[in-house]
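Engineer: let me see the structure of the following:
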Amino acid sequence: MSQDVQVTSSPDAPLSSNPTDNPNHERRWLVLCIVALAQLTVVLDGTIVSIALPDAQKELGISNLDRQWVVTGYALAFGALLLLGGRIADYWGRKRSFMVGMAGFAVASAVGGFAQNGMQLFAARAGQGVFAALLAPAALAILTTTFVGEKERAKAFAVFGAISGGGAAIGLLLGGVLTQYVDWRWCLLVNVPVVLFAIAVTLPIVKETKAHGDTSYDLPGTVLVAIGLGSLVYGFTKAEHGWLETQTLLFIGIGLVALVAFVLVERRTANPLLPLSVPWHRDRGAAFIGSALVGSALLGGTLYLTFYLQIVMGLSPVMAGVGSLPMAVFIVIASTIAAQLTTRIGPKPLMTVGPLVAAVGLLMLTQIEVHTSYWTHVFPGLAIFGFGLGLLMVPMQNLALLGVPNHDAGAASALANATLQVGGALGTALFTTVYASAKSAFQADNPAPTPPPGFPADAIPTDLSNATPLTPEQIAALPQPAQDFVGKVIDWVFGTEVSGYAHAFGWAAVLIAIISPLVVILVRAKKGDLPTEGAVGMH
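Structural biologist: Numbering: from 1, shown residues only. Here you go, the predicted structure:
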């Protein structure tokens, strides 16, 4: 059994520049591998379930409006509790928090993998988010305390960031393979053996570290921010029935009041969950707002891409994952370019142009139709969207920690992660409402095809989740008028779906384009102001 080393340091003191002062020095590259594996698991779960969602929805009987909770439940719990997770990791111990987070994540994954109905799957995804909120900041803290030399830390975070960035693409591919060749449930169950391996390796290799001093938790702040964000997201989902409906206004109002109360509590708390000096800064504030808007467009808007590729275009889960890759590839290409340009021209030009480029890509996706080609619409839209995101996210990550004192670096990093996840949860809820409203408007403007004489009227599906498609053989056996009618019905049903998807992409374009004027107004940082080594980015 390994002996844990209690390493304590003042929260205000900088980390030692001597690599041998930390307990993980001799096995630091093994520690990096373990932490990277855990981070990959967390990032994977943001996208791996998206490809599996159509199959899961059909098997568990989840409606089109409720399916968003598979994504929202994870993102909301993750984002709402990240700040608390960071504090727990510092005070309770990074290794202990890391292992408990991994173990809980595995249990929640197993529950989701064996879910028998939608509510069980939603609860399991929320449970994954809860434990990911403990696991992710603990992993980042272990990396920070292990690599204390500036050059080595820069290399470690480069590896960590590359795995984080590529995890979304790997999730789409792996989700497609598992869904098509095994079962959608393995998109969740695959976490169990990976986590068990990571725990077994972590136990003897990683040594314990923790902070000392004032280690009291800001529980009122935690409760208020969780209530505020949860109520706000739920209010957005209720907006499908109308923005002025009583329930919509009530939950959005409760959410806003709770978040205002959270700010007031943080101003008066001696040991706040979120020091307000972190977001209350022109440049950092722009980065955090931008992070939330990117999350809404990336996690919320592109969710409908997987539905379009599989449901409308009829691609297999594997090919749908491959079809989503251009976005990730062009994010990597643009990120490489942005990393070089940021040090030469500063963050502001890239953060102004990047969102506009990304918005153009999303606007191209609004032009999809039932029978459009992947190469003429989806591919260029995803490529341009990904390129714009790559230009934006590199300088935005740097701004998130600009001028943050060392003892608040963890809170700033957690806030960057939290805004991305919460933005995704809010975006998913908003776009679900947009999707439902657009479908209703399409059906109002385009009545269902009239069946030929003798064709049962109740055979007309009004929603894909309730439709039982006829096989080509069954269609071929019908009389010609009935065949023509079935073709019209299929186009009409798919048309309602595509209308919803296109409107979601349009709103995502608007949200991400808002970042540009915010940057013009708020950002003042020049190229010499940005950290060049050892910065903890947003993952």
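Engineer: where does the stretch 151-300 of the chain dip in pLDDT?
Structural biologist: Within the stretch 151-300 of the chain, the stretches with pLDDT under 70 are 151, 153-155, 157-166, 168-169, 211-215, 300.
Engineer: quick one, helices of it?
Structural biologist: Taking DSSP state H, counting those that start in this stretch, the helices of the stretch 151-300 of the chain run over residues 186-189, 191-205, 219-238, 246-268, 282-295.
Engineer: now these in TSV, with distance to Leu303 and mean neighbour count?
Structural biologist: Where you see a C-beta, it was placed from the backbone N, CA and C, and this is true even at glycine. What follows is the helices of the stretch 151-300 of the chain, written out as TSV (distance: least, C-beta to C-beta, whole Å; neighbours: other C-beta atoms under 10 Å):
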stretch	distance to Leu303	mean neighbour count
helix 186-189	15	24
helix 191-205	20	16
helix 219-238	14	20
helix 246-268	21	16
helix 282-295	12	24
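Engineer: out of those, nearest to Leu426?
Structural biologist: Each of those was scored for nearness to Leu426 using C-beta to C-beta, and the closest is helix 219-238 (5.8 Å).
Engineer: CA atoms only for that closest one, dumped as PDB, please.
Structural biologist: Taking C-alpha atoms only, helix 219-238 is exported to PDB below (Å, rounded to 0.1, in the frame of the first residue of the first chain):
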ATOM      1  CA  LEU A 219     -22.600  25.900   1.200                       C
ATOM      2  CA  PRO A 220     -25.100  28.800   0.800                       C
ATOM      3  CA  GLY A 221     -23.400  29.800  -2.400                       C
ATOM      4  CA  THR A 222     -23.400  26.300  -3.700                       C
ATOM      5  CA  VAL A 223     -27.200  25.800  -3.000                       C
ATOM      6  CA  LEU A 224     -28.100  29.200  -4.600                       C
ATOM      7  CA  VAL A 225     -26.000  28.700  -7.800                       C
ATOM      8  CA  ALA A 226     -27.400  25.100  -8.200                       C
ATOM      9  CA  ILE A 227     -31.000  26.300  -7.700                       C
ATOM     10  CA  GLY A 228     -30.500  29.300 -10.000                       C
ATOM     11  CA  LEU A 229     -29.000  27.400 -12.900                       C
ATOM     12  CA  GLY A 230     -31.400  24.400 -12.600                       C
ATOM     13  CA  SER A 231     -34.400  26.600 -12.400                       C
ATOM     14  CA  LEU A 232     -33.200  28.800 -15.400                       C
ATOM     15  CA  VAL A 233     -32.700  25.700 -17.600                       C
ATOM     16  CA  TYR A 234     -36.000  24.200 -16.600                       C
ATOM     17  CA  GLY A 235     -37.700  27.500 -17.400                       C
ATOM     18  CA  PHE A 236     -36.200  27.500 -20.800                       C
ATOM     19  CA  THR A 237     -37.500  24.000 -21.500                       C
ATOM     20  CA  LYS A 238     -41.000  25.100 -20.400                       C
END
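Engineer: okay, the angle between it and helix 246-268?
Structural biologist: Counting by axes from the mean of the first three to the mean of the last three C-alpha atoms, to 10 degrees, helix 219-238 lies at 160 degrees to helix 246-268.
Engineer: and helix 219-238, what does it pack against?
Structural biologist: In terms of contacts (3 or more C-beta pairs under 8 Å, 6 or more residues apart in numbering; DSSP states H and E), helix 219-238 is packed against helix 68-92, helix 246-268, helix 409-445.
Engineer: give the next helix or strand downstream of the lowest-mean-pLDDT helix or strand in the chain.
Structural biologist: Every helix and strand in the chain was compared by mean pLDDT, DSSP states H and E; the lowest is helix 472-476, with a mean of 70. Using DSSP states H and E, the helix or strand that directly follows helix 472-476 along the chain is helix 480-513.
Engineer: show me what that following helix is packed against.
Structural biologist: Applying 3+ C-beta pairs under 8 Å, 6+ apart, one finds that helix 480-513 contacts helix 282-295, helix 303-307, helix 347-365, helix 409-445, helix 472-476.
Engineer: quickly note the distance from Gln128 to Phe262.
Structural biologist: 24 Å (C-beta to C-beta, to the nearest Å).
Engineer: quick revisit: among the helices of the stretch 151-300 of the chain, which is nearest Leu83?
Structural biologist: Using C-beta to C-beta, these put helix 219-238 closest to Leu83, at 7.1 Å.
Engineer: so can I have JSON lines of the helices and strands packed on helix 219-238 showing distance to Ile227?
Structural biologist: Compiled in JSON lines, the helices and strands packed on helix 219-238 are given as follows (distance: least, C-beta to C-beta, whole Å):
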{"stretch": "helix 68-92", "distance to Ile227": "9"}
{"stretch": "helix 246-268", "distance to Ile227": "5"}
{"stretch": "helix 409-445", "distance to Ile227": "13"}
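Engineer: winner for burial among those?
Structural biologist: Comparing these on average neighbours per residue, with mean count of other C-beta atoms under 10 Å, the densest one is helix 68-92 at a mean of 25.
Engineer: packing partners of it?
Structural biologist: Against helix 68-92 (3+ C-beta pairs under 8 Å, 6+ apart) you get helix 28-60, helix 94-113, helix 118-146, helix 219-238, helix 409-445.
Engineer: kindly calculate the angle that the fourth one makes with helix 68-92.
Structural biologist: Pointing back at helix 219-238 there. Computed by the same axes, to 10 degrees, the angle between helix 219-238 and helix 68-92 is 170 degrees.
Engineer: just how off-centre is helix 219-238 within its chain?
Structural biologist: 18 Å (C-alpha atoms, centre = their mean, to the nearest Å).
Engineer: rewinding a little: looking at the helices and strands packed on helix 68-92, which is nearest to Leu188?
Structural biologist: Leu188 lies closest to helix 94-113 among the helices and strands packed on helix 68-92, at 4.0 Å (C-beta to C-beta).
Engineer: tell me how far Asn417 lies from Ala38.
Structural biologist: 14 Å.
Engineer: any chance of the helices and strands packed on helix 68-92 in JSON lines, with distance to Tyr74 too?
Structural biologist: Formatted as JSON lines, the helices and strands packed on helix 68-92 follow (distance: least, C-beta to C-beta, whole Å):
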{"stretch": "helix 28-60", "distance to Tyr74": "7"}
{"stretch": "helix 94-113", "distance to Tyr74": "9"}
{"stretch": "helix 118-146", "distance to Tyr74": "4"}
{"stretch": "helix 219-238", "distance to Tyr74": "12"}
{"stretch": "helix 409-445", "distance to Tyr74": "8"}
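Engineer: any chance of the helices and strands packed on helix 480-513 in TSV, with distance to Val31 too?
Structural biologist: TSV is the format used below for these (distance: least, C-beta to C-beta, whole Å):
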stretch	distance to Val31
helix 282-295	27
helix 303-307	34
helix 347-365	31
helix 409-445	18
helix 472-476	55
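Engineer: residue ranges with poor pLDDT in the stretch 1-150 of the chain?
Structural biologist: Counting by pLDDT under 70, the ranges of the stretch 1-150 of the chain that qualify are 1-26, 148-150.
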